[in-house]
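1. please work out how this folds:
(one chain, ligands or ions: 1)
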Amino acid sequence: MASFNPPAEVTEALAKIPPHHLNIMGYVDRSEVNGPGARAVLWVQGCLRACPGCFNTASWSFEPNQIVSIDDLVARITGDPGNTGVTFSGGEPFWQASALAEVARRVKAQGLTVMSFTGFTLEQLQSPSAPVGSQHLLTQLDILVDGPYVESLAIHEPTSPVSSKNQRVHIFNPALKDRITWASDQIEVHILKDGGRIVTGYQGHLHLSD
Ligand code: SF4
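-> Got it, this is the predicted structure:
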């Protein structure tokens with residue numbers, strides 16, 4: 001089976017992230033277009049896929065962007081009573097699977113749900129070649145949306161929870177079976193205190209602007 005090990009420079013960049021920390025691209029509270037209900041969204045920094053048509057090319061680099069501690073993330077996610085859960089997007093969440101599994105375990109202990117997007121397939125993540133920590137993260141997830149974005153298979157429908165036809169929604173928590181309330185074509189704009197904006201929802205990704 002093919003190995004999913006990243007190139008050496010990516011391995012080195014991942015190794016520079018301090019223990020119990022994550023390298024992220026962005027974060028918002030109370031998004032309603034990235035999973036069921038109102039939820040925090042964490043965009044992880046770093047992706048190797050370079051999918052044509054990617055809405056989030058700034059997330060591709062593995063260089064340090066925002067280095068945040070797991071403690072701070074858990075406090076922020078659980079500190080907003082409007083969040084019913086957290087969604088991991090990217091970038092590729094599973095390159096930082098071990099740290100995200102720890103975030104997931106701690107927020108689930110406080111009654112929240114956890115969802116993740118990934119460019120891998122579920123079968124790849126269940127294989128021995130999966131990125132380190134993938135099994136731990138999978139066991140924490142309530143929902144997984146898997147598969148890369150394929151521009152030639154793009155879906156632009158107001159009710160589709162995925163962006164391209166190859167992607168699948170895996171609901172591991174039966175309580176969420178009827179909660180596919182988000183759609184990939186929905187867009188949400190968050191106005192930040194410093195005047196910046198975060199536009200999110202389209203393809204599960206985000207765009208930062210001043
Ligand atoms: S669409 Fe997602 S998986 Fe593809 S390059 Fe962009 S961030 Fe990576």
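
2. going forward, measure contacts and count neighbours with C-alpha atoms only.
-> Noted.

3. quick check, Leu42 in a strand?
-> Yes: Leu42: assigned to a strand according to DSSP: H, G, I helix; E, B strand; the rest coil.

4. quick one: contacts for it?
-> The contact partners of Leu42, taken as C-alpha atoms under 8 Å, 6 or more residues apart in numbering, are Ile24, Met25, Gly26, Tyr27, Val28, Val86, Thr87, Phe88, Ser89, Gly90.

5. among the residues you listed, which are in reach of the ligand?
-> Under the cut-off given by C-alpha under 6 Å from any ligand atom, the ligand has Gly90 from the contacts of Leu42 close to it.

6. quick check, pLDDT for Ala58.
-> Ala58 carries a pLDDT score of 92 in this model.

7. what's the answer for Gln110, then?
-> pLDDT, Gln110: 97.

8. likewise Ser160?
-> You'll see Ser160 listed with a pLDDT of 88.

9. the ligand contacts on the chain?
-> Remark: the part of the chain in contact with the ligand comprises 47, 49-51, 54, 56-57, 90-92, 119, 148-149, using C-alpha under 6 Å from any ligand atom.

10. nearest residue to the residue nearest to the spatial centre of the chain other than its sequence neighbours?
-> Ranked by distance to the mean C-alpha position of the chain (C-alpha atoms, centre = their mean), the top residue is Ser89 at 1.7 Å. In space, Ser89 comes closest to Trp43 once its chain neighbours are excluded; the distance is 4.7 Å by C-alpha to C-alpha, 6 or more residues apart in numbering.

11. just Ile77 next, same as before
-> Residue nearest to Ile77 in three dimensions, not counting chain neighbours: Ala40, with 6.2 Å by C-alpha to C-alpha, 6+ apart.

12. who's in contact with the one you found?
-> Tyr27, Val28, Asp29, Arg30, Ser31, Ile77, Asn83, Gly85, Val86, Thr87.

13. can I get the CA coordinates of whatever helix or strand the last one lives in in PDB?
-> For Thr87, the enclosing helix or strand under DSSP states H and E is strand 85-89. Listed in PDB are the C-alpha atoms of strand 85-89, where the atom choice follows Å, rounded to 0.1, in the frame of the first residue of the first chain:
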ATOM      1  CA  GLY A  85     -19.300  21.500  18.900                       C
ATOM      2  CA  VAL A  86     -16.200  22.100  16.900                       C
ATOM      3  CA  THR A  87     -15.300  21.400  13.200                       C
ATOM      4  CA  PHE A  88     -11.800  20.800  12.000                       C
ATOM      5  CA  SER A  89     -11.100  22.000   8.500                       C
END
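
14. and the angle from the lengthiest helix in the chain to strand 85-89?
-> Of all segments of type helix in the chain, defined using DSSP state H, the longest is helix 97-108. Calculated by axes from the mean of the first three to the mean of the last three C-alpha atoms, to 10 degrees, helix 97-108 forms an angle of 160 degrees with strand 85-89.
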